[in-house]
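Participant: Provided below for reference: sequence and predicted model.
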Amino acid sequence: MNRAWLVAVVAIAGTARADVWEQAADPDLQRDKYARELDAANDFLFQATGQNIVDTRVASLLDKAIASYRRAAELEPSEGEPLYDLGEAIYGFYLVCYEDQRATPLCTHTRPLPVARAEQALAAWAEFEKRAPLDPRNSVADDPGQSLLATRALLETRLATKPHLEAASHLYEKILARGEVGYASEQIVGNLAETYMMLDRLDDAIAMYRGAVGQDPSTGYGLAVALDRDGHGEEALEVARDQGPPGGYLSKLQSGAVFYVPDGEQYYYRALIDESFGDLDESIAFWEQYIQSGAHPEFQPRARQHLDALRMQLKKHPKRPSKWPDSEPSF
């Protein structure tokens, strides 16, 4: 998190009893209260980053920081800073491990994603953008893939409900409207295509994937899956084969650098890739796993079509060899 940690300054009110409404109307007094709340929030966060603090203590300090950020945001409705910092605090303590597997006292990627915390961070950042649309942190000038907008879009995608996926698509569209063309934009285009597919917008997904296919084979596999689900099975298998053996892709998938939601969606990709190279046993196993997962019910009938056809093909040709290159084992 990029912020200067501030030491809290506790202001002692004067002995004079001023009228409450007069205080509220005094802009200098409001600003002082705002500054004190920000100082307090930053101090709580500073304490939470201390060494050898147990989880419960960290959580308590973070809750106090969040409360102070919210009070500061209420005191100055035009200021975006408290909301940016609120989102960063939640993300840095509760959510960052789902992107880079860097553990914090409150976050390990092996735990379920804390949905309520994710929604808190997203709401704070959305309000930050609303209050400060021209703030450089809402831009994509340096790297579209590392921008705050991209972080928000990925987090929306992980939540995986239709409203969150729609929000993710809008964020990706905004990034592409603002960003420069390059590899990072290729990743964003691929992510947007994947989001369209999860929203069952297959025509949009295919068009977007065609514009994304390039350096990253995961976008090529995404195009293959979208084509297959849209009824273009032979073209889908051809596109999957064109990506070559998926060793690098599998490594990224296993490390979490590439992820799919909901859980089980990855089996559709793996089944289609194996099928494209004629590895029928492996493909059947992954189609079965996809169906058992229940992921994306709208695409389950298509998976069953594959499974039935491959079982029939394997029954007719039980000794059919794999088409994998000798140097690339099946997975």
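Facilitator: The structure has been received and is ready for your questions.

Participant: need the strands for the stretch 101-250 of the chain, in chain order.
Facilitator: With DSSP state E, counting those that start in this stretch as the definition, the stretch 101-250 of the chain shows no strands.

Participant: how about low-confidence regions in it?
Facilitator: 141-142, 179-184 (pLDDT under 70).

Participant: ok now do A65, which residues does it touch?
Facilitator: Contacts here follow Cβ atoms under 8 Å, 6 or more residues apart in numbering; on that basis A65 touches A40, A41, N42, F44, L45, A48, A89. Quick note: C-beta positions are derived from backbone N, CA and C, even for glycine.

Participant: Please settle this for me: is it part of a helix?
Facilitator: Yes - residue state for A65 (DSSP: H, G, I helix; E, B strand; the rest coil) corresponds to a helix.

Participant: Quick check: chain neighbours aside, which residue is closest to it?
Facilitator: Distance criterion Cβ to Cβ, 6 or more residues apart in numbering; nearest residue to A65, sequence neighbours excluded, is F44 at 3.8 Å.

Participant: Just the buried positions in the helix or strand hosting the one you found, please.
Facilitator: Assigned by DSSP states H and E, F44 belongs to helix 27-48. Using 16 or more other Cβ atoms under 10 Å as the test for burial, helix 27-48 gives 33-48.

Participant: Same question for stretch 209-221.
Facilitator: Buried, per 16+ other Cβ under 10 Å, within stretch 209-221: Y209, G211, A212, V213, D216, P217, S218, T219, G220, Y221.

Participant: same deal with stretch 116-127?
Facilitator: Neighbour counts using 16+ other Cβ under 10 Å place R117, A118, Q120, A121, L122, A124, W125, A126, E127 of stretch 116-127 among the buried residues.

Participant: Restrict that stretch to CA atoms and write it as PDB.
Facilitator: The C-alpha coordinates for stretch 116-127 follow below in PDB (Å, rounded to 0.1, in the frame of the first residue of the first chain):
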ATOM      1  CA  ALA A 116     -18.000  -9.000   2.700                       C
ATOM      2  CA  ARG A 117     -14.500  -7.500   2.900                       C
ATOM      3  CA  ALA A 118     -14.100  -7.600  -0.900                       C
ATOM      4  CA  GLU A 119     -17.400  -5.700  -1.200                       C
ATOM      5  CA  GLN A 120     -16.300  -3.200   1.300                       C
ATOM      6  CA  ALA A 121     -13.100  -2.500  -0.600                       C
ATOM      7  CA  LEU A 122     -14.900  -2.300  -3.900                       C
ATOM      8  CA  ALA A 123     -17.600   0.100  -2.600                       C
ATOM      9  CA  ALA A 124     -14.900   2.400  -1.100                       C
ATOM     10  CA  TRP A 125     -12.900   2.500  -4.300                       C
ATOM     11  CA  ALA A 126     -16.000   3.100  -6.400                       C
ATOM     12  CA  GLU A 127     -16.900   6.100  -4.200                       C
END
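
Participant: how far is that stretch from where the chain is centred?
Facilitator: For stretch 116-127, the separation from the chain centroid amounts to 13 Å (computed by Cα atoms, centre = their mean, to the nearest Å).

Participant: Ok, stretch 290-298 next?
Facilitator: Distance of stretch 290-298 from the chain centroid (Cα atoms, centre = their mean) equals 21 Å.

Participant: which residues sit in contact with the residue positioned nearest the centre of the chain?
Facilitator: Nearest residue to the geometric centre of the chain (Cα atoms, centre = their mean): L154, 1.9 Å. Contacts for L154 were tallied using Cβ under 8 Å, 6+ apart; they are E99, A168, N191.

Participant: Return the subset of those lying in helices.
Facilitator: Secondary structure from DSSP state H places E99, A168, N191 of those in helices.

Participant: okay, the angle between the strand or helix carrying R57 and helix 27-48?
Facilitator: R57 belongs to helix 55-75 when assigned by DSSP H and E. Put simply, helix 55-75 runs at 160 degrees to helix 27-48, going by axes from the mean of the first three to the mean of the last three Cα atoms, to 10 degrees.

Participant: In helix 55-75, which residues are buried?
Facilitator: Those would be 58-59, 61-62, 64-66, 68-73, 75, for helix 55-75 by 16+ other Cβ under 10 Å.

Participant: for stretch 306-315, same thing?
Facilitator: For stretch 306-315, using 16+ other Cβ under 10 Å, the buried residues are H306, L307, L310.

Participant: That's all I had, so thanks and see you.
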